[in-house]
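*Asks:* Below are the sequence and a predicted model for it; my questions follow.
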Amino acid sequence: MTSRPDIHGVKVEAPATGTGGVLPDLPHRRKKTPLADRAIDVFLLLFGFFMVLPLLLLIANAFKTPEEMLAWPPTLVPREPTISNFTSVLSSTPLLRWIFNSLAFALSSAIAISVTSAIAGYLMAKFPSRTMSVLFAVILATAIVPFEVYMIPLYFQAQALGILNSLPGLLLGYLVMSFGIFLIRQNVIHSIPDELLEAARIDGAGEIWIFVRVVVPLLRGALGALFVLAFFQAWTAFAWPIIVATTKESYTIEVGLALFQTGFTIDLGRLSAASALVLVPSVTIFIFLRRNLVQGVASTGLKE
Amino acid sequence: MQRRRWLFSIVAILPVLAIFAYVRVFPIVEILRLSVHKWDILSVAKPFIGLANFRELMGDRLFHEALLNTSIIAFGVLAITVPLSMTLAALIYHRTRSRFAGFYETTVFIPHVVSLVPAAMAWKWIFDAQLGPLNALLSVFGVEPKAWLFDPVLSLVCVIVLCSWQALGYCVLIYLVGFKNLPNSLFEAAKLDGASGLQSFWNISVPMLKPITLYVSVITLVTSFNVYAQVYVLASDAQGAPGRQVRVLVLDMLENSFRNYRIGYAASEAVILLLIVLLLTLVQFRLLRERRSRA
């Protein structure tokens, strides 16, 4: 958490308490916390705890013996932690393969969406013409249509290309993001002055050089937010992967787990272990990239 | 010069446009086209049958059930999420200076980003009739254990709880942005006039945040109308045939296309889903414009 210069060249000090996200950084006005505020704090702490409790219990269950899992009240810290659930689930399912598939899918999707959004967003912001306005309107209009509506025709396109049950097949649905193009366009309009581009052109810079060396570095923040947003979108995708990936080797982790939990007589310990293996890395990534993600998600609300 | 620049922009955007057209525009047009055709995958012919698919949908009991369930889920999630997230955002915003502010924001938001299936599995265990802690907790208070996931009404409640739990973080976040953008001077003036925190929340924040509320409501409804994964995990029965308990639109649609091989029929369901979403979006824009013209 370092201080960084804002647009006007004024140093903005990041708060030491680390509120992060979208909260404003207010100065400390009072030292003493009133009783009502204490009560609110207690309520919010409890609420936050109960929000993550299901996940904590799931992770705890993964380390429990079958007997302890049935105990009441459920324990948050297992009394006799065991890793047998993990070894058993790892030896009976290609779980690591599924995690790898998901990672590859989410990363490629995030890269594809960042690249296509950066190119289209920049061109639509800085090369205004009637053609561009029409294109932009079309892109915004398609953004309203939910993915679930058109995934069946898209499935047959993937089939025609012969890319079912493969990474390219998964990727087909997640190559572009209308909102990403919109986000980058807004960012270019607000943060890249025309004069800067003109100056570069007068210095003899080519258009491609300007894009790569001037525009992209200035969009780092927005692209970072978009990248993380796109990553999590693909990482948690379900409906598309479940119709496109139908062989055990091509499952993403979401699909693999969903089928695993219906296909077997329910073995809670192994299910929990498998879930924990998926949750822990994604929650860790989230906590590291929280600022980026919160920024990206918050900006989805500024569409109008 | 102007012309050269225009040419550059068009050539440079072409690859992106080509991809966009192929993976978005084409399938959207295709779903509209398929919905008025009869296509059973195996047959080569795809005869045009007009609105016959839609007419059949009107009398399809399974489709009615799916539409009803999905609507109940969507409005149930809306009823829980919007008031709760606005209140939470108000409290979190009020306690911005608290050293736990980061904790509040993170814990509320985590359910929104974790993978759907593992999270749904956690809730499936909580709701489980024999093994779940919910029934165990209820029995402490002398309440009869219930078969949460096997009762048609209760399983809907379970899906609503799970979906609300996931949607809440996003809504809180959007509301926080809204609170941050409210003019501070209004609240200070209200304070000078002796308004309590609760009064300013009710009389200033709630009306001023109306556009945000509208946006959050529509997004919540649209997302919930597309519910699938949560139902797939929660309401699948022991034989591994998912969705027997709670049939939703996306599930019915996928079943019609990939189990019954009736692509045209499934496409007409997708078009109904699209119409619902368009209607909701239209209502949102209408209400927003009304507000602007009055202001």
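*Replies:* Yes, it's here. Treat the numbers as computed from the prediction; the structure is a model and nothing was measured.
*Asks:* just the strands in chain A please.
*Replies:* With DSSP state E as the definition, chain A shows strands at residue ranges A:4-5, A:11-12.
*Asks:* Do me a favour and average the pLDDT over the first one.
*Replies:* Think strand A:4-5. Averaging the model's pLDDT scores along strand A:4-5 yields 37.
*Asks:* again with the last one
*Replies:* Along strand A:11-12, the predicted local confidence has a mean pLDDT of 37.
*Asks:* quick one: low-confidence parts of chain A?
*Replies:* Low-confidence segments of chain A (pLDDT under 70): A:1-32, A:263-266, A:301-304.
*Asks:* which residue is nearest the middle of it?
*Replies:* The centroid of chain A falls nearest to residue A:232 when counting by CA atoms, centre = their mean (2.3 Å).
*Asks:* pretty sure that residue is touching residue B:113, no?
*Replies:* Yes: with contact defined as CB atoms under 8 Å, residue A:232 and residue B:113 form a contacting pair (5.4 Å). C-beta: built from backbone N, CA, C; applies to glycine.
*Asks:* any common contacting residues for those two?
*Replies:* Common neighbours of residue A:232 and residue B:113, counting by CB atoms under 8 Å, 6 or more residues apart in numbering or on different chains, are A:282, A:286, A:293.
*Asks:* show me where the stretch 101-250 of chain B has helices.
*Replies:* Defined through DSSP state H, counting those that start in this stretch, the helices belonging to the stretch 101-250 of chain B, from first to last, are B:101-113, B:116-127, B:133-140, B:152-181, B:184-192, B:197-200, B:206-208, B:210-225, B:229-234, B:249-258.
*Asks:* give me the number of residues near residue B:227?
*Replies:* Burial of residue B:227 is recorded as 25 neighbouring residues (other CB atoms under 10 Å in any protein chain shown).
*Asks:* Which residues are in contact with it?
*Replies:* The contact partners of residue B:227, taken as CB under 8 Å, 6+ apart, are B:70, B:73, B:74, B:159, B:163, B:248, B:250.
*Asks:* Pull out the buried residues from the host helix or strand of the first one.
*Replies:* I take that to be residue B:70. In this structure, residue B:70 sits in helix B:61-94 according to DSSP states H and E. By neighbour count with 16 or more other CB atoms under 10 Å in any protein chain shown, helix B:61-94 contains the buried residues B:63, B:66-67, B:69-74, B:76-78, B:80-82, B:84-86, B:88-94.
*Asks:* For it, name the packing helices and strands.
*Replies:* Helices and strands touching helix B:61-94, by 3 or more CB pairs under 8 Å, 6 or more residues apart in numbering or on different chains; DSSP states H and E, are helix A:35-62, helix B:101-113, helix B:152-181, helix B:210-225, helix B:249-258.
*Asks:* Out of those, the one nearest residue A:145 is which?
*Replies:* With distances scored as CB to CB, the stretch of the helices and strands packed on helix B:61-94 nearest to residue A:145 is helix B:210-225 (10.3 Å).
*Asks:* Could you find the closest non-adjacent residue to residue 118?
*Replies:* Since you didn't name a chain, this refers to chain A. Taking CB to CB, 6 or more residues apart in numbering or on different chains as the measure, residue A:118 lies nearest to residue A:184, with 5.7 Å between them; neighbours along the chain are not counted.
*Asks:* The chain in question should be chain B.
*Replies:* Nearest in space to residue B:118, with sequence neighbours left out and distances taken as CB to CB, 6+ apart, is residue A:275 at 3.5 Å.
*Asks:* tell me the contacts of that neighbour?
*Replies:* With contact taken as CB under 8 Å, 6+ apart, residue A:275 is in contact with A:58, A:62, A:257, B:117, B:118, B:121, B:122.
*Asks:* distance of the fourth one from residue A:256?
*Replies:* I take that to be residue B:117. Separation of residue B:117 from residue A:256 (CB to CB, to the nearest Å) stands at 9 Å.
*Asks:* what ranges do the helices span in the stretch 201-304 of chain A?
*Replies:* When assigned using DSSP H, counting those that start in this stretch, the helices of the stretch 201-304 of chain A occupy the ranges A:207-210, A:216-218, A:220-235, A:239-244, A:253-263, A:268-288, A:290-300.
*Asks:* In this structure residue B:50 contacts residue B:36, no?
*Replies:* Yes: checked against CB under 8 Å, the pair residue B:50 and residue B:36 is within contact range at 5.9 Å.
*Asks:* more neighbours, those two?
*Replies:* Just comparing residue B:50 and residue B:36: by other CB under 10 Å the higher neighbour count belongs to residue B:36, 17 against 9.
*Asks:* mind checking how far residue B:80 is from residue B:161?
*Replies:* As defined by CB to CB, residue B:80 lies at a distance of 8 Å from residue B:161.
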